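Participant: Generate coordinates for the sequence data below:
(one chain, ligands or ions: 2)
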Amino acid sequence: MKAMVLKEICEIKVEGRTQQRNDVPLKTEPLELEDVPAPEPGPKDIVIKVSACGICRTELDQVEGRISPPKLPVILGHQPVGIVSGLGKNVIKFKIGDRAGATWIYSSCGKCKFCRSGEENLCEQFKGTGCHENGGYAEYMIISEDHAHKIPDSLDDLIHIAPLMCSGVVGYRSLKLTGMEDGKNIGLYGFGSAHHLVIQMVNFLFPNAKKFVISRNPAERQLAKKLGADWVGDIEDKTPEKLDCIIDTTPVWKPVVFALGNLEKGGRLVINLIRKEDADKDYLLKLDYPKHLWLEKEIKTVANITIKDGEEFLAVAARMKIKPEVQLYELEDANKALVELKSGKLTGSRVLKITST
Ligand SMILES: [Zn+2]
Ligand SMILES: [Zn+2]
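Facilitator: Numbering: from 1, shown residues only. Ligands and ions are numbered 1, 2, ... in the order given. Predicted coordinates:
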């Protein structure tokens with residue numbers, strides 16, 4: 001089968017940006033197209049013939065080594081959706097021909113205190129799809145039936161479902177963690193794949209909420225307005241009202257400081273990101289305790305997702321008929337997609353179209 005494989009950590013070359021590291025090679029094509037054997041399912045695994053796979057910013061972190069991939073070479077991709085084309089002998093939840101997808105959670109131990117309490121996202125043995133095990137930048141992948149999701153019938157088009165599997169599910173978890181309630185003000189810092197879905201969730205779940213979108217990218221601000229933002233602004237802007245909840249998805253530190261300045265007393269800032277880049281870390285020295293932290297402001301991070309998050313979110317998505325804005329690429333063009341993602345040129349979600357059904 002065809003797959004796009006990550007073999008070594010590198011820095012992705014982006015026009016107009018200077019090289020930041022000299023310990024790794026600089027590449028415009030970090031992944032290699034290869035013909036590899038199709039995976040064989042274990043007893044509880046399903047084989048997914050991958051129709052489409054969403055592209056996530058986490059893949060930039062993997063390629064550039066901010067998350068050290070425990071496995072190299074690895075097939076990236078944790079937002080695959082497709083058709084079940086093979087079954088392990090003990091599979092009971094799926095049958096051939098079902099529509100199935102996977103999320104970032106590939107497996108967890110199932111036994112530790114976190115797993116037992118439904119917080120398998122915090123399990124020490126958490127394994128990420130397309131990170132610890134091969135993911136969906138390929139024609140076929142395997143995953144245990146307990147970690148795969150059935151795609152609800154009312155979500156019709158697999159291409160538009162792919163970005164829901166991470167941006168959507170993790171966006172949903174981050175929204176849950178803010179403690180958001182109807183009528184409150186929410187701020188969204190950065191307006192990429194996750195937040196253009198989160199704003200649609202807020203519209204649906206909290207119709208009386210006010211939504212403030214903060215992005216350095218004018219195209220993202222424009223998309224935010226189209227999707228119902230009450231106010232849009234740039235990173236250093238003071239919001240016209242204090243924000244009860246904020247979710248930050250930007251890869252850097254400066255927005256955290258400005259977000260805390262806009263946060264209401266007792267409010268919570270949720271950082272939805274696996275790793276921040278170090279380039280502007282010094283900005284944190286501008287943190288002023290009374291202005292940014294005192295009066296019971298909270299900061300929380302989002303780590304991974306649980307199986308329940310996936311189930312809950314897909315049910316919500318089916319009810320609200322969420323519609324991501326999609327930029328489509330062929331599997332072979334995954335490198336182009338990663339370069340464009342890093343350069344921040346396009347809005348919405350990027351999706352690889354892999355096999356036809
Ligand atoms: Zn992701
Ligand atoms: Zn565990």
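Participant: Can you check which strand is longest in the protein?
Facilitator: strand 45-55 (DSSP state E).
Participant: Which strands and helices lie in contact with that one?
Facilitator: Judged by 3 or more C-beta pairs under 8 Å, 6 or more residues apart in numbering; DSSP states H and E, strand 45-55 is in contact with strand 80-87, strand 99-102, strand 140-144, helix 158-161, helix 334-343, strand 349-353. Bear in mind the C-beta positions are built from the backbone N, C-alpha and C, glycine included.
Participant: Turn the ones you listed into CSV, columns for mean pLDDT, distance to Glu181 and mean neighbour count.
Facilitator: Shown next, in CSV, are the helices and strands packed on strand 45-55 (pLDDT from 0 to 100; distance: least, C-beta to C-beta, whole Å; neighbours: other C-beta atoms under 10 Å):
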stretch, mean pLDDT, distance to Glu181, mean neighbour count
strand 80-87, 98, 32, 23
strand 99-102, 98, 30, 26
strand 140-144, 98, 35, 24
helix 158-161, 93, 28, 20
helix 334-343, 94, 33, 20
strand 349-353, 95, 27, 25
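Participant: could you dump these to TSV with distance to Asp278?
Facilitator: Formatted as TSV, those follow (distance: least, C-beta to C-beta, whole Å):
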stretch	distance to Asp278
strand 80-87	30
strand 99-102	30
strand 140-144	32
helix 158-161	34
helix 334-343	16
strand 349-353	25
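Participant: out of those, which comes closest to Val232?
Facilitator: strand 349-353 (19.4 Å; C-beta to C-beta).
Participant: So that closest one, near ligand 1 or not?
Facilitator: No. Remark: strand 349-353 sits outside contact range of ligand 1, by C-beta under 5 Å from the ion, the gap being at least 10.4 Å.
Participant: ok, now stretch 266-273?
Facilitator: No. Stretch 266-273 lies out of reach of ligand 1 by C-beta under 5 Å from the ion, never closer than 9.9 Å.
Participant: same question for that stretch, mean pLDDT?
Facilitator: Averaging pLDDT along stretch 266-273 yields 96.
Participant: Name the surrounding residues that touch it.
Facilitator: The contact list for stretch 266-273, computed with C-beta atoms under 8 Å, 6 or more residues apart in numbering, reads 57, 170-171, 174, 177-179, 194, 242-251, 256, 259-260, 263, 295-302.
Participant: give me the element the residue nearest to Val232 when sequence neighbours are not counted is part of.
Facilitator: Closest residue in space to Val232, ignoring its immediate chain neighbours: Arg221 at 4.2 Å, by C-beta to C-beta, 6 or more residues apart in numbering. Assigning secondary structure by DSSP states H and E places Arg221 in helix 218-226.
Participant: Equivalent analysis for Asn304, please.
Facilitator: Here Asn304 is assigned to no helix or strand, by DSSP H and E.
Participant: which residues does the closest residue to it other than its chain neighbours contact?
Facilitator: Leaving aside its sequence neighbours, Asn304 sits nearest to Asn121 (C-beta to C-beta, 6+ apart; 3.7 Å). For Asn121, the contacting residues are Ile105, Ser108, Phe114, Ala303, Asn304, Ile305, Thr306, Asp309, by C-beta under 8 Å, 6+ apart.
Participant: How about the backbone phi and psi for the fifth one?
Facilitator: In other words, Asn304. Backbone torsions of Asn304, given as degrees, to the nearest 10, read phi 60, psi -160.
Participant: tell me the SS of the single nearest residue of the stretch 151-300 of the chain relative to ligand 2?
Facilitator: Nearest to ligand 2 in the stretch 151-300 of the chain, going by C-beta to the ion, is Arg173, at a distance of 17.5 Å. Assigned with DSSP: H, G, I helix; E, B strand; the rest coil, Arg173 falls in the helix class.
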